[in-house]
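Asker: here's my sequence, what's the structure:
(chains A and B)
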2 protein chains.
Amino acid sequence: MAENNSQLTIGFIMYPGLTQLDLFGPADVLSRMQGTEIKYLWRNTDPVIVDRGLRIIPNTTYNQCRSLDMICVPGGPGQIAMMDDEETLAFLRRIAPGCKLVTSVCTGSLILGAAGLLRGYNATCHWTCLDQLSIFGAKAVAERVVTDRNRITGAGVTSGIDFALKVVESLTDKRTAQQIQLQMEYDPQPPYNCGSPRTAPEEIVDSVRARLHMFLSTRRTASERAAERLKELKD
Amino acid sequence: MAENNSQLTIGFIMYPGLTQLDLFGPADVLSRMQGTEIKYLWRNTDPVIVDRGLRIIPNTTYNQCRSLDMICVPGGPGQIAMMDDEETLAFLRRIAPGCKLVTSVCTGSLILGAAGLLRGYNATCHWTCLDQLSIFGAKAVAERVVTDRNRITGAGVTSGIDFALKVVESLTDKRTAQQIQLQMEYDPQPPYNCGSPRTAPEEIVDSVRARLHMFLSTRRTASERAAERLKELKD
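Answerer: Predicted coordinates for the structure are as follows:
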């Protein structure tokens, strides 16, 4: 719905085990800007199995992608493996300098961190992993969408929709973003006041943390390992 | 995250041209219930091209699917073709009577209507098409999520997240739904008060309607044709 007709090319990294809504929330919003082309990027164009088992076909390989206006990295359980995926990290390092916007949703910011792209930036992440951003020299900000120069990061999963509407305004104008919000009938009515650790009952916060305990520990180890390698890369 | 371990089988109709967020919003929420299996249903298991060009692979054919606990029909531009798709309508008529819940998001309710499954029910739809529900003998209710007996329908696109959290509570319990809401950090902060025709500036509502004018007219013709066929089926 952008009023100008300039072509915008937006890339999403589409890796195995990503959280599908991290990707499809913002992709749905952004693709409504007129003249937008979305590249779903992976090493090859074989189907990728996302977190809940669905198989989705990437439309562009890293090698085929020479430049983008915006890159976005979603999060998900598969993010842990991506922290060691030199091919993806190298692609991010190559593509990011030419992008107008370098972005992520959820734990995708840890992948940006592992690529060395958040050092010295304010950023956000899924609430359970905010503390891991400092491992990469980023400053964690517990907000739903954090903008610092050309880095825009969204918090957990559903934040990708709020994130993408802000991106639309920044790439086009407020009117276009408003039209898209109305088209998507984005008038949220969450059933409970429970979507953030600040508002959820303590017992619910504790139960989610307890359930994720081992997983968060594995994620932290992966972050630390990635930060170590990043240091070696610079030395 | 369901506390009970009963297996739940939930089917989504995955047709060409569906709006990806209509499907992936609720699918992401619902698949977080422990023991849930999601069937992405289509005539065959060839990749389906959704509204923005992405190719996604169904995991179950109509013929392979004997029963479901819940069926959900998403909306999207491809809904218009589905109104004439006798194979999909016949599948819905066959599977719905055995389902605990018969549901839709966005213009998916028009497909349920075309299958004769909303006659005498309250239901909702994308705000631009609410008026088409009466063609199928349903009573349009301008709410984000409408429950009438075992029919649960969501309004446009993003309503699928609110819809699915309500479904989680109805299939498990409030605590499970709260845990999922927190896991998904569903603490929405829409950038504008513009997500519904009741709150959006009149000029924005008019511009969206004007842009969709021809499309809405085509959709209405398809609805009327489907209602006519449904009548013949009953005669």
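Asker: my guess is A:M70 meets A:A96, correct?
Answerer: No: judged on Cβ atoms under 8 Å, A:M70 makes no contact with A:A96 at a distance of 10.2 Å. C-betas here are computed from N, CA, C, even on glycine.
Asker: so those two - more neighbours on which side?
Answerer: A:M70 (22 against 18; other Cβ atoms under 10 Å in any protein chain shown).
Asker: which parts of chain A are helices?
Answerer: Assigned by DSSP state H, chain A shows helices spanning A:20-30, A:79-82, A:86-95, A:108-114, A:159-171, A:174-183, A:202-234.
Asker: okay, these in TSV with mean neighbour count next?
Answerer: Below are the helices of chain A laid out as TSV (neighbours: other Cβ atoms under 10 Å in any protein chain shown):
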stretch	mean neighbour count
helix A:20-30	29
helix A:79-82	23
helix A:86-95	17
helix A:108-114	29
helix A:159-171	26
helix A:174-183	23
helix A:202-234	14
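Asker: any chance of those in TSV, plus mean pLDDT and distance to chain B?
Answerer: Putting those into TSV (pLDDT from 0 to 100; distance: least, Cβ to the nearest Cβ, whole Å) gives the following:
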stretch	mean pLDDT	distance to chain B
helix A:20-30	95	4
helix A:79-82	97	15
helix A:86-95	98	19
helix A:108-114	98	13
helix A:159-171	96	5
helix A:174-183	97	5
helix A:202-234	93	5
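Asker: out of those helices, which is closest to B:R229?
Answerer: helix A:174-183 (29.5 Å; Cβ to Cβ).
Asker: what angle do the closest one and helix A:20-30 make?
Answerer: 130 degrees (axes from the mean of the first three to the mean of the last three Cα atoms, to 10 degrees).
Asker: can I get helix A:174-183 in CSV, CA atoms only?
Answerer: Presented in CSV, the C-alpha positions along helix A:174-183 are these (Å, rounded to 0.1, in the frame of the first residue of the first chain):
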residue,chain,number,x,y,z
LYS,A,174,2.3,6.8,8.6
ARG,A,175,-0.8,6.7,6.3
THR,A,176,0.5,3.5,4.6
ALA,A,177,1.1,1.9,8.0
GLN,A,178,-2.4,2.8,9.2
GLN,A,179,-3.9,1.4,6.0
ILE,A,180,-2.1,-1.9,6.5
GLN,A,181,-3.1,-2.0,10.2
LEU,A,182,-6.7,-1.6,9.2
GLN,A,183,-6.5,-4.1,6.3
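Asker: who touches it?
Answerer: A:1-3, A:29, A:32-33, A:165-166, A:168-169, B:156-157, B:190-192, B:194-197, B:200-201, B:204-205, B:207-208, B:211 (Cβ atoms under 8 Å, 6 or more residues apart in numbering or on different chains).
Asker: please repeat the previous calculation with a cut-off of 7 Å.
Answerer: Contacts to helix A:174-183, defined as Cβ atoms under 7 Å, 6 or more residues apart in numbering or on different chains, come from residues A:1-3, A:29, A:32-33, A:165, A:168-169, B:190-192, B:194-195, B:200, B:204-205, B:207-208.
Asker: equivalent analysis for stretch A:37-54, please.
Answerer: Residues from elsewhere that reach stretch A:37-54 (Cβ under 7 Å, 6+ apart): A:7, A:9-20, A:27, A:30-31, A:55-62, A:65, A:68, A:76-78, A:87, B:27, B:31, B:38, B:40, B:52, B:54, B:56-57.
Asker: go again using 6 Å as the cut-off
Answerer: A:9-14, A:16-20, A:27, A:31, A:55-61, A:65, A:76-77, A:87, B:31, B:57 (Cβ atoms under 6 Å, 6 or more residues apart in numbering or on different chains).
Asker: quick one, which of the residues you listed are buried?
Answerer: A:9-14, A:16-20, A:27, A:31, A:55-60, A:65, A:76-77, B:31, B:57 (16 or more other Cβ atoms under 10 Å in any protein chain shown).
Asker: how much space between A:P201 and A:H126?
Answerer: A:P201 sits 19 Å away from A:H126 when distances are taken as Cβ to Cβ, to the nearest Å.
Asker: quick one: which of the two has more around it?
Answerer: A:H126 (29 against 14).
Asker: who are the contact partners of the more buried one?
Answerer: Counted by Cβ under 6 Å, 6+ apart, A:H126 has contacts A:C106, A:T107, A:G156.
Asker: ok, and the most crowded of these?
Answerer: Among the contacts of A:H126, A:C106 has more neighbours than the rest - 33 neighbours, counting by other Cβ under 10 Å.
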